[in-house]
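**Q** give me coordinates for this.
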Amino acid sequence: MNSVTVQPSPIHGRGVFAAIDYKAGDPILHVDDSRVVSEERPLPEGEPEYHCDWYADGRQVLLVPPACYVNHCCDPNSIVQYFDGVRWDVARRDIRAGEEITHDYCIDGFGDTVWRCRCGSARCRKTIHSDFFHLPQRLQIEYLPYLSELYKHVYRENVDRLLEEAGSPA
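**A** Now for the predicted structure:
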């Protein structure tokens, strides 16, 4: 049984849509991030770079369908979590069948990429800077539980500083 479909998205190009209802915490789809992009294994001809994800340790991976079609939203309904080293999209809140599955790309984000957002959510920030630490502090604090262990390790000083400013234990 397919639990998601790929179809035209009002946010951008194609998107991933729930084919069934999900409860908060439910795994939605396994994300195959095994295809590392490198000099020896570059992106295939015609493959858009926006189908890739970048890890804090410098790796670039090519996401395969349907994961490569999960669009950004400033009020995401899913997050990425790892279970036994396997990456999953997980419902952040209840999701109804027919709803587009979205992430906030700034969670675990770094670098200086900036783009105009067209997510249409009430929380839309309009202009997105890819770096997590460019988010408003209230969002950084809200998203702290969703940061990957790798990201927290690589950006330990910044995360510790944020925890200190927020008055949270490390």
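
**Q** and the helix or strand hosting residue 138, what does it pack against?
**A** Using DSSP states H and E, residue 138 maps to helix 137-143. Applying 3 or more C-beta pairs under 8 Å, 6 or more residues apart in numbering; DSSP states H and E, one finds that helix 137-143 contacts helix 156-166. Yep, even glycine has a C-beta here, placed from its N, CA and C like the rest.

**Q** what about the helix it packs on, average pLDDT?
**A** The pLDDT scores in helix 156-166 average 91.

**Q** can I get it as PDB, trimmed to CA atoms?
**A** Output of helix 156-166 as PDB, limited to C-alpha atoms (Å, rounded to 0.1, in the frame of the first residue of the first chain):
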ATOM      1  CA  ARG A 156      28.300  22.100  19.200                       C
ATOM      2  CA  GLU A 157      29.500  25.700  20.200                       C
ATOM      3  CA  ASN A 158      26.500  27.400  18.500                       C
ATOM      4  CA  VAL A 159      24.000  24.900  19.900                       C
ATOM      5  CA  ASP A 160      25.500  25.200  23.400                       C
ATOM      6  CA  ARG A 161      25.300  29.000  23.200                       C
ATOM      7  CA  LEU A 162      21.600  28.800  22.100                       C
ATOM      8  CA  LEU A 163      20.800  26.500  25.000                       C
ATOM      9  CA  GLU A 164      22.500  28.900  27.400                       C
ATOM     10  CA  GLU A 165      20.600  31.900  25.900                       C
ATOM     11  CA  ALA A 166      17.300  29.900  26.100                       C
END
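
**Q** understood, closing this out.
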